[in-house]
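[1] take a look and give me a structure for this.
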Amino acid sequence: MRDKISVRQLTALVLALSLLLASCGGGAKATTMHLRKTEGTVGVSDGEKAVEPKENLGLYSGYGVDTKNESYAWIDLDEVKLTKLDQDSEIEIKKENKRLEIEVLSGSLFFNVTEPLGEDETMEIRTSSMMVGIRGTCGWVTENTAALLEGTVTVTAGEQSATVNAGEMAAVTAAGEITVISFDASEIPAFVQAELEDGDSPAGSTNESRDGEELQTLLRPLVENLNLPLTVDSITYGVSGIESAKSAYLGLPYAMTNPMYDGDGDTEIIPGESPFDSDAVYACFGMNGMPIPEGYQESEFAFFFSAPYTGGGINHIVINQPGFLCLGGLQVGDSEQLALDLFGFPDQPPQAELEWALNSGGTLSYRPFGPDDFEFTYHCDGAVACVTVNEGSVHNIYLREEK
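    All right, here's what the predicted structure looks like:
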C-alpha cells in the first residue's frame, strides 16, 4: 500500500524545489543572456568551473567570458542590450532582478543598447578605474576610457562624474581625474569599426529599422572630419585654368574644345563684348562617332571641364566615363563600396536621408534611391561635389559652383 504525502511534507517539497531552482541561475529571467557567437579562442566560466562555449549558450549572473588573441565574443544581455568582447579581454556579468552590471576585468567591450532602459532598470559597466551608467547608447569601454557613438552616458571615478555625449571620449588619468575630449573616426578601434560596417550586426544595421536621426548620430564620428580634395587628376577645382584641362584631355579620343554660350536666345549681344560665357574641353556620347555606353544617353557629356571665358579657375566639371581620378580616390565605374569608403560610411548603404555639418565648415548629405542606388553631395568652400551610384557602381561625378 502506497503511503500518502502529508500537507506538511508537500509544502516542504515545494519549498526545497523552489530553493533548488533559485540556486541554479535565478530562474527564467537569467536566461535572457546568451553567448550569441564566438570567433577564435573564447572561454566561459560559471564562477567555479569552465563551461563549453557554444552558440546561444545561456549565461547567468556570476558567469565570466574571456577572449584570446584575435578572438571575439558577442553577447546578448537581452533583446536590446548587445555587447562584443574584444580580443585579449575578460568580463564578468552580474545580474539581480533588473539591475545589470558588467565588470571589464581587462581589455575592451563594445556595447549597443538599442532601446532606453525602463525607469526601474539599471545597467552599469565597471572597470578598475571608473563606472559607466548606461541608459540607451552605443559605444565602447576600455580599462580607463569610455567613448560614445550614440546617446549620452555618465562616467564616475571616485567622487567625480562627467557627462559624455556622442562623438566624445572620457578618460581617467593616473591621478584619477576625468577628462572629456572629442574623437574622430581614426580613433575608433578595429573591433568596433567591424560592427559599424557589418550590415548583419545590430550596431551596423543601416536598414529602415533605424530612423534618420538615429543614423545621423551613429555615423557622425565616421564623417564629421571629412575633408575631400576638390580635384580630378591634376586639375584642382577653382584653381586650375582651362588651358590645364585642355593640355591634359584634348588629346583623348573624341575630345573637343570651343567657347560656350549659356544664356537664353533673347539675350542681347553687346558690340565689343564677348557673347560667350565659358571656355570648355569636353567629349559627348554619340558625337563624332563616340559610342554611347549602356545607362547613358546621346549628347550626354563623357567628360566636361569649363571655366569663365574671361578667365579664372575651372568652375564646372562633369565626369561620366572611367579613367578620371576624382576627389582623391574615386572613378566612374568603381564599386559602391569604394564610394561608401571615400565618405567614411559602413559597408551597407543606409536607407534614410542624412545630412551633417562637418568640422571643416562644409556639409555632407546622403540620399538613397534604392538598395544599391544613392547619392552623396559634399558642400565645401563655395563648391558642390556630387557622386551618384546606380545599381552598385559609380555612375556620375560632378563639381560645380554653389548656387
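[2] where does pLDDT dip in the stretch 201-350 of the chain?
    In the predicted model, the stretch 201-350 of the chain carries pLDDT under 70 at residues 201-211, 260-276.
[3] can you rerun that using 90?
    Across the stretch 201-350 of the chain, the ranges flagged by pLDDT under 90 are 201-225, 258-279, 288, 308-311, 344-350.
[4] what ranges does it have for its strands?
    Here the stretch 201-350 of the chain has its strands, by DSSP state E, counting those that start in this stretch, at 231-232, 235-236, 256-260, 278-284, 301-308, 316-319.
[5] reformat these as JSON lines; add distance to residue 94 and mean neighbour count.
    The C-beta positions use only the backbone N, C-alpha and C, and glycine is treated the same way. Formatted as JSON lines, the strands of the stretch 201-350 of the chain follow (distance: least, CB to CB, whole Å; neighbours: other CB atoms under 10 Å):
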{"stretch": "strand 231-232", "distance to residue 94": "55", "mean neighbour count": "22"}
{"stretch": "strand 235-236", "distance to residue 94": "58", "mean neighbour count": "18"}
{"stretch": "strand 256-260", "distance to residue 94": "72", "mean neighbour count": "12"}
{"stretch": "strand 278-284", "distance to residue 94": "68", "mean neighbour count": "21"}
{"stretch": "strand 301-308", "distance to residue 94": "63", "mean neighbour count": "22"}
{"stretch": "strand 316-319", "distance to residue 94": "58", "mean neighbour count": "21"}
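[6] could the ones you listed be laid out in JSON lines, adding distance to residue 178?
    Conversion of the strands of the stretch 201-350 of the chain to JSON lines gives the following (distance: least, CB to CB, whole Å):
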{"stretch": "strand 231-232", "distance to residue 178": "42"}
{"stretch": "strand 235-236", "distance to residue 178": "44"}
{"stretch": "strand 256-260", "distance to residue 178": "61"}
{"stretch": "strand 278-284", "distance to residue 178": "57"}
{"stretch": "strand 301-308", "distance to residue 178": "53"}
{"stretch": "strand 316-319", "distance to residue 178": "48"}
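[7] so which of the ones you listed is nearest residue 96?
    Across the strands of the stretch 201-350 of the chain, residue 96 has its closest neighbour in strand 231-232 (59.1 Å, CB to CB).
[8] which outside residues touch the closest one?
    The contact list for strand 231-232, computed with CB atoms under 8 Å, 6 or more residues apart in numbering, reads 237, 305, 317, 319, 324-328, 397, 399.
[9] then stretch 358-367?
    Residues from elsewhere that reach stretch 358-367, judged by CB under 8 Å, 6+ apart: 223-227, 343, 345, 350, 353-357, 374-381.
[10] could you dump that stretch to PDB, C-alpha only?
    Output of stretch 358-367 as PDB, limited to C-alpha atoms (Å, rounded to 0.1, in the frame of the first residue of the first chain):
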ATOM      1  CA  LEU A 358      31.300  69.000 -40.900                       C
ATOM      2  CA  ASN A 359      34.100  70.200 -38.800                       C
ATOM      3  CA  SER A 360      35.700  71.700 -41.900                       C
ATOM      4  CA  GLY A 361      32.700  74.100 -42.200                       C
ATOM      5  CA  GLY A 362      31.100  72.300 -45.100                       C
ATOM      6  CA  THR A 363      28.200  69.900 -45.200                       C
ATOM      7  CA  LEU A 364      27.600  66.300 -46.400                       C
ATOM      8  CA  SER A 365      24.300  65.000 -47.400                       C
ATOM      9  CA  TYR A 366      23.200  61.500 -48.500                       C
ATOM     10  CA  ARG A 367      20.100  60.400 -50.400                       C
END
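[11] nearest to residue 146, of the contacts of strand 231-232?
    Nearest to residue 146 among the contacts of strand 231-232: residue 328, at 33.5 Å, using CB to CB.
[12] give me the phi and psi for the residue nearest to the closest one when sequence neighbours are not counted.
    In space, and not counting its chain neighbours, residue 328 is closest to residue 229: 4.5 Å by CB to CB, 6 or more residues apart in numbering. When read as degrees, to the nearest 10, the backbone of residue 229 gives phi -70, psi 130.
[13] residue 331: how many residues sit nearby?
    By other CB atoms under 10 Å, 17 other residues sit near residue 331.
[14] next: residue 138.
    Around residue 138 there are 24 other residues, counting by other CB under 10 Å.
[15] same question, the one 10 residues further on
    The local packing of residue 148 (other CB under 10 Å) involves 24 other residues.
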